[in-house]
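Chemist: got a predicted structure here, sequence first:
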Amino acid sequence: MTFQPITGMNIPRECAERKRVLLVEDDRVAATVLESELERLGYVVELAENGAEAYTLIRENPARADVIITDRMMPVMDGLALTRRIKADPDTADLPVILLTGATETGDISAGLEAGAFYYITKPAQRDLVRSVLISAVRESARRKAVKNRLDNHQIAFENIDVLKMSLRRPDEVEPVASLLASIHRHPEKIIQGIFELLQNAVEHGVLRFGFNEKARLLAEGTWDKALRDRASLPEYASGRVEATMLRRTNGLVLTVEDNGPGFNWRPYLAADPSRALGQSGRGIVRARAFVFDKLVYSETGNKVTAACLTEKSYKW
């Protein structure tokens, strides 16, 4: 495997805290090269030679890794089968899995996304993309763990809340609002990422009016976070607002997220698209729909979305 060295990078706080990566690769040379690069980024790396070995390690101790990077093609158990097993097990389902492969066929990439992979990276791995994907995966993993730790002691009180309505407009408000909305769920860590994705989409595209292509370009340039902060401070966007409401029903929870922006064409983002799997944006809505919510429906204009987490599978809107 060819891997472009990761050099001259500023290490983000999430990586500097020595997060753990389980690297699953049957090619010893490729494993050694990637292990070295990940360690240079500040990660603690543990190696497994195939999916069966990796799954045994994770089942013994789900906390031993914050992220899994696995080769797609391996003997005994390949990366796709490993991903499916991890996502099917409640103890490990929240663990981000990044598939690393030389395959670029549409069907192969779609299978990885449908199995629940956080990201699909094709070889040769590009250094900036690997770094960016790992940061995103670590943040998602940390977000789930943080909300679980923060809310465990107060869960009984949160279960008495029937309606929680919140408003926001700035990017830095998305995570705390998502945490509070998720708190109504008995297992908030299981739904927080889906809520986060819907709120983030409403702020970025509804309030701040960033388009998909513009965001992809800024991500590729490494200026996305700065662009978000800069635009959020401009007076012409001060009137933007997102309203988020979580309702408790007898058979589950219903979340509505509505912004006062012009809306967007949401239809291409409800299904897995291999072309977006290889980019740095455009997967949040499909992941929320496929792996978090039992039902997700956008309004015709796209500036309102309703999502349901059901405890009973018969539900009337």
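Modeler: Great, that's in hand.
Chemist: below-threshold pLDDT in the stretch 51-200 of the chain: ranges please.
Modeler: Flagging of the stretch 51-200 of the chain using pLDDT under 70 yields the residue ranges 103-109, 147-157.
Chemist: what are the ranges of the helices in it?
Modeler: Applying DSSP state H, counting those that start in this stretch to the stretch 51-200 of the chain gives helices spanning 51-60, 79-88, 106-115, 127-151, 155-158, 174-182, 192-201.
Chemist: equivalent analysis for the stretch 201-317 of the chain, please.
Modeler: 212-221, 224-232, 274-277, 284-291.
Chemist: leaving out chain neighbours, which residue sits closest to I195?
Modeler: A178 (4.5 Å; C-beta to C-beta, 6 or more residues apart in numbering). Heads up, the C-betas are built off the backbone N, CA and C, glycines and all.
Chemist: if I pick that neighbour, what's in contact with it?
Modeler: Residues counted as contacts of A178 (C-beta atoms under 8 Å, 6 or more residues apart in numbering) are I192, I195, F196, L199.
Chemist: likewise for A111?
Modeler: For A111, the residues meeting the contact criterion (C-beta under 8 Å, 6+ apart) are L80.
Chemist: and if you look at L253?
Modeler: For L253, the residues meeting the contact criterion (C-beta under 8 Å, 6+ apart) are I184, H185, I191, M246, L247, A308, C309.
Chemist: and what of Q200?
Modeler: Contact criterion C-beta under 8 Å, 6+ apart gives P171, V174, G284 as the residues in contact with Q200.
Chemist: if we go to 7 Å?
Modeler: Under the criterion of C-beta atoms under 7 Å, 6 or more residues apart in numbering, the neighbours of Q200 are V174, G284.
Chemist: how much space between it and L168?
Modeler: Computed as C-beta to C-beta, to the nearest Å, the Q200 to L168 distance reads 10 Å.
Chemist: cool, T92 as well?
Modeler: As judged by C-beta to C-beta, T92 and L168 stand 31 Å apart.
Chemist: more neighbours: the two, which one.
Modeler: L168 (22 against 17; other C-beta atoms under 10 Å).
Chemist: the more buried one reaches A232, doesn't it?
Modeler: No: at 10.9 Å, L168 and A232 do not qualify as touching, with contact defined as C-beta atoms under 7 Å.
Chemist: nice, that's everything, thank you.
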